[in-house]
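>>> fold the following.
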Amino acid sequence: MSKKPLRAVEALQEAQKIAFAPYIFQASISLRKLGILNYIFNCKDGATLEEVAKGTSVSEYGVGVLLEIAESSDIVSLDENNKYELTKTGYFLTFDKTVNVNINFNNDICYKGLFHLNDSIVNGKAEGLKELGNWPTIYEGLSKLTPEQNKSWFEFDHHYSDYVFNDALEVVFKRNPKRIFDVGANTGKFAISCCNYNEHVNVTMVDLPGQLNVALDNAKKNGFENRIEGYEIDWLSENPQIPTGADIIWMSQFLDCFSKDEIVKILSACANSMNEDTELFIMETFTDRQKFDNAKFILEATSLYFTAMANGNSKMYKATEFLDLIDKAGLYLVEDINQIGENHTILVCKKK
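Numbering: from 1, shown residues only. Presented below is the predicted three-dimensional model:
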């Protein structure tokens, strides 16, 4: 859809917002943390600066500078009685679950590291990762994040996958699999969901050692230690291999963590473990399969997290890109299931 061109004064205003975007972001963090937006929302007829300062125990100066930029950014409005109220933007910034997950992730995980985005682009490395820890990629460090960082990372990761598990499980178990390989098991949520969904299935979780320990512990806590096992792997090693014997190999939002060449390497290793009946399920949020511009924007912004923080060479891909990679890895597409939970696509593949 073509967009109506902005007038010059409007375009200049948008450019200035970009120039001062870090100020608006950090002001929003403070407005949330200090309870200012919540306080204003709970005042039925709005609140003056003085009332907000008293009600939140923040100085009038502090409240004042935050609310001034908030008004200019359409987070709050100021009426003729000098009372502040939340705008629709301010309401979503305060109470929308997706916005909350995104803002916590970007503040706790990405904000400092994004300063190094330019170096990451030039060097092809996640130069911002050093703001979190000294690891080759963020995945080796997930078990070493601070509790707050850990919470923000996993809430972001799970928010964009957990809600589609029920729909995905229906698709998976139409095949009546007996053994599933969960590649990129994360905290083990999908493996546990499989065992809850079907009492006969067994799952092998395939992941890095540190993350696998967390996932196996979660499986044990849920009583599935006899049906869920682990297989340690480093996909960036020279010749990664996985066992044979899977009915289904499952990957959910996993391959976007790798470059195109690495994806072909991973898919080829999976193809080598497959027989003619094994099916490989790839579930992703592809940028060219989104119904709404807002969803596409979030995915494309997330690509910069991969660039600066995660590994320096991966991104959120288009479905058309993945279809090419699947073919290069010696696989072919059996089924293309779009709009799983609105934003996700499942590509079902077999060995050529």
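>>> wait, doesn't residue 286 sit right on residue 323?
No - counting by C-beta atoms under 8 Å, residue 286 sits too far from residue 323 to count as a contact (10.1 Å). Where C-beta positions appear, they are placed from N, C-alpha and C, glycine not excepted.
>>> who's more crowded, the two?
Neighbour count, other C-beta atoms under 10 Å: between residue 286 and residue 323, residue 286 has more, with 21 against 15.
>>> got the contact list for the residue lying closest to the more buried one once chain neighbours are set aside?
Spatial nearest neighbour of residue 286, chain neighbours left out: residue 319 (4.1 Å); criterion: C-beta to C-beta, 6 or more residues apart in numbering. Residues counted as contacts of residue 319 (C-beta atoms under 8 Å, 6 or more residues apart in numbering) are 284, 286, 288-289, 336, 345, 347.
>>> mark which of these are buried, thanks.
Neighbour-count burial (16 or more other C-beta atoms under 10 Å) is assigned, among the contacts of residue 319, to 284, 286, 289, 345, 347.
>>> residue 279: neighbouring residues, count only.
By other C-beta under 10 Å, neighbour count at residue 279 equals 19.
>>> give me phi/psi at it?
phi -120, psi 140 (degrees, to the nearest 10).
>>> touching, it and residue 349? I think so.
Yes - at 7.0 Å, residue 279 and residue 349 qualify as touching, with contact defined as C-beta under 8 Å.
>>> who touches both of those two?
What both residue 279 and residue 349 touch, as defined by C-beta under 8 Å, 6+ apart, is the set residue 334.
>>> what pairs with whichever strand in the chain runs longest, and is each one parallel or antiparallel?
Counting by DSSP state E, the longest strand found in the chain is strand 331-340. Using DSSP bridges, strand 331-340 pairs in its sheet with strand 344-351 (antiparallel).
>>> save the contacts of residue 319 as JSON lines, and put in distance to residue 167 and pLDDT too.
Formatted as JSON lines, the contacts of residue 319 follow (distance: C-beta to C-beta, whole Å; pLDDT from 0 to 100):
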{"residue": "284", "distance to residue 167": "14", "pLDDT": "96"}
{"residue": "286", "distance to residue 167": "16", "pLDDT": "96"}
{"residue": "288", "distance to residue 167": "20", "pLDDT": "95"}
{"residue": "289", "distance to residue 167": "15", "pLDDT": "95"}
{"residue": "336", "distance to residue 167": "15", "pLDDT": "96"}
{"residue": "345", "distance to residue 167": "12", "pLDDT": "96"}
{"residue": "347", "distance to residue 167": "15", "pLDDT": "97"}
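>>> between those, which sits nearest residue 6?
Nearest to residue 6, judged by C-beta to C-beta, of those is residue 288 at 25.5 Å.
>>> would you mind measuring from the closest one to residue 319?
As judged by C-beta to C-beta, to the nearest Å, residue 288 and residue 319 stand 6 Å apart.
>>> could I get the full set of helices for the stretch 51-200 of the chain?
Assigned by DSSP state H, counting those that start in this stretch, the helices in the stretch 51-200 of the chain fall at 60-72, 88-95, 97-105, 117-123, 138-141, 147-159, 165-173, 189-197.
>>> mean pLDDT lowest for which of those?
For the helices of the stretch 51-200 of the chain, the weakest mean pLDDT is recorded on helix 138-141, namely a mean of 90.
>>> what's that one in contact with?
Outside helix 138-141, the residues that touch it by C-beta under 8 Å, 6+ apart are 126, 129, 132-133, 135, 208, 210-211, 257, 309-311.
>>> kindly recompute the last result at 10 Å.
109, 113, 126, 128-129, 132-135, 145, 149, 153, 184, 186, 207-211, 234-236, 257, 305-306, 309-311 (C-beta atoms under 10 Å, 6 or more residues apart in numbering).
>>> please apply the same query to stretch 104-112.
Against stretch 104-112 from outside (C-beta under 10 Å, 6+ apart): 22, 25-26, 28-29, 32-33, 103, 114, 117, 128, 130-132, 138, 145-146, 148-157, 159, 301-302, 304-305, 308-310.
>>> run the last query once more with 6 Å
29, 131, 148-149, 152-153, 156, 305, 309 (C-beta atoms under 6 Å, 6 or more residues apart in numbering).
>>> list buried residues within those residues.
29, 131, 149, 152-153, 156, 305, 309.
>>> looking at those residues, which is nearest residue 17?
So of the buried ones among the contacts of stretch 104-112, ranked by how close each gets to residue 17 (C-beta to C-beta), first place is residue 29, at 16.9 Å.
>>> can you count the residues close to the residue nearest to the closest one when sequence neighbours are not counted?
Nearest residue to residue 29, sequence neighbours excluded (C-beta to C-beta, 6+ apart): residue 107, at 5.5 Å. Residues near residue 107, counting by other C-beta under 10 Å, number 18.
>>> for residue 25, see how far away residue 107 is.
Taken as C-beta to C-beta, the span from residue 107 to residue 25 is 8 Å.
>>> then residue 321?
Separation of residue 321 from residue 25 (C-beta to C-beta): 30 Å.
>>> tell me which of the helices of the stretch 51-200 of the chain sits most buried.
Neighbour counts (mean count of other C-beta atoms under 10 Å) averaged over each of these peak at helix 189-197, with a mean of 21.
>>> which residues touch it?
Contacts of helix 189-197 (C-beta under 6 Å, 6+ apart): 165, 169, 180, 182, 185, 201, 203, 205, 222, 224, 227-228.
>>> run the last query once more with 8 Å
Contacts for helix 189-197 (C-beta under 8 Å, 6+ apart): 158, 161-162, 165, 169, 172-173, 180, 182, 185, 201, 203, 205, 215, 218-219, 222, 224, 227-228, 250, 252.
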